[in-house]
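Student: here is a sequence together with a model predicted from it:
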Amino acid sequence: MKLGRLNHIGIATPSIADSIAHYRETMGATQITEPFDLPAQGVKVCFVDTPTGSDGSGGMNGTQIELIEPLGEDSPIHGFLAKNPAGGQHHVCFEVEDVAEARAWFEGQGKRVLGPTRIGAHGTPIFFLHPKDMMGQLTEIMETPRDH
Ligand SMILES: CC[C@H](C(=O)O)C(=O)SCCNC(=O)CCNC(=O)[C@H](O)C(C)(C)COP(=O)(O)OP(=O)(O)OC[C@H]1O[C@@H](n2cnc3c(N)ncnc32)[C@H](O)[C@@H]1OP(=O)(O)O
Ligand SMILES: [Co+2]
């Protein structure tokens, strides 16, 4: 297993509109996608692009901030927001070349994979690893988009 690109940092929020305003007005973000619903994943989601270079050079294909708001009664982030009402850092997502191979690796390491591999917000297969097996960090593994 080789550590892949940090694709995004997932930030849970009680209000995606308030978080968008925060990133635009307080943090100076210039590229934020329109929020969209992922009913199968129980979230409303949008992405805040970040620059690759510290001076904003290199273009805007740095690690994204993924803002997620609960969608529906069964959203998997209700529990997190009950414990963290203002929201906050929820998960990290690393890219892999082959999601099936990665899943087998983590299972072989005795890490709990949460649910089936499914299609995530970038339209590629993803799975999650239980925070208690990942040094306290809920970790998402996502197959690198082929257009990269
Ligand atoms: C897929 C679309 C999009 C994308 O990028 O493509 C997304 O990323 S959507 C993100 C939302 N979806 C998920 O998070 C799916 C995976 N998550 C889960 O299955 C649950 O959230 C789970 C199992 C991680 C936590 O479930 P729950 O909130 O019901 O809490 P539990 O009491 O079962 O938690 C057990 C234990 O873990 C601690 N915990 C919970 N969430 C986190 C977290 N985000 N980071 C770190 N630790 C977490 C919780 O505090 C409990 O610890 P304990 O010491 O026992 O109190
Ligand atoms: Co994510």
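Tutor: Perfect, I can see it now. Ligands and ions are numbered 1, 2, ... in the order given.

Student: what's the local residue count around the nearest residue in space to Ala40 that is not next to it in sequence?
Tutor: Using CB to CB, 6 or more residues apart in numbering and skipping the chain neighbours, the partner closest in space to Ala40 is Arg118 (6.9 Å). C-betas here are computed from N, CA, C, even on glycine. When neighbours are counted by other CB atoms under 10 Å, Arg118 registers 12.

Student: quick one: Arg118 and Phe128 touch, right?
Tutor: No: the criterion here is CB atoms under 8 Å, and Arg118 misses it with Phe128 at 9.7 Å.

Student: which element, helix or strand, includes Pro85?
Tutor: Element membership for Pro85 (DSSP states H and E) is empty, with no helix or strand holding it.

Student: can you give me the distance of it to Ser15?
Tutor: Pro85 sits 11 Å away from Ser15, going by CB to CB, to the nearest Å.

Student: also Gly87?
Tutor: Gly87 is 8 Å from Ser15, by CB to CB.

Student: look at these two and report which has more neighbours.
Tutor: Neighbours per residue, other CB under 10 Å: of Gly87 and Ser15, the larger number sits with Gly87, 20 against 12.

Student: show me which helix runs longest in the chain.
Tutor: Scanning the chain for the helix with the most residues, using DSSP state H, yields helix 99-108.

Student: how many neighbours does the nearest residue to Asn84 once chain neighbours are set aside have?
Tutor: Nearest non-adjacent residue to Asn84, counting by CB to CB, 6+ apart: Ala12, 7.1 Å away. By the criterion of other CB under 10 Å, Ala12 has 25 neighbours.

Student: go on, His8?
Tutor: 25.

Student: quick one: Ala17 is in a helix?
Tutor: Yes: under DSSP: H, G, I helix; E, B strand; the rest coil, Ala17 falls within a helix.

Student: which residues touch it?
Tutor: Taking CB atoms under 8 Å, 6 or more residues apart in numbering, we find Ala17 in contact with Pro35.
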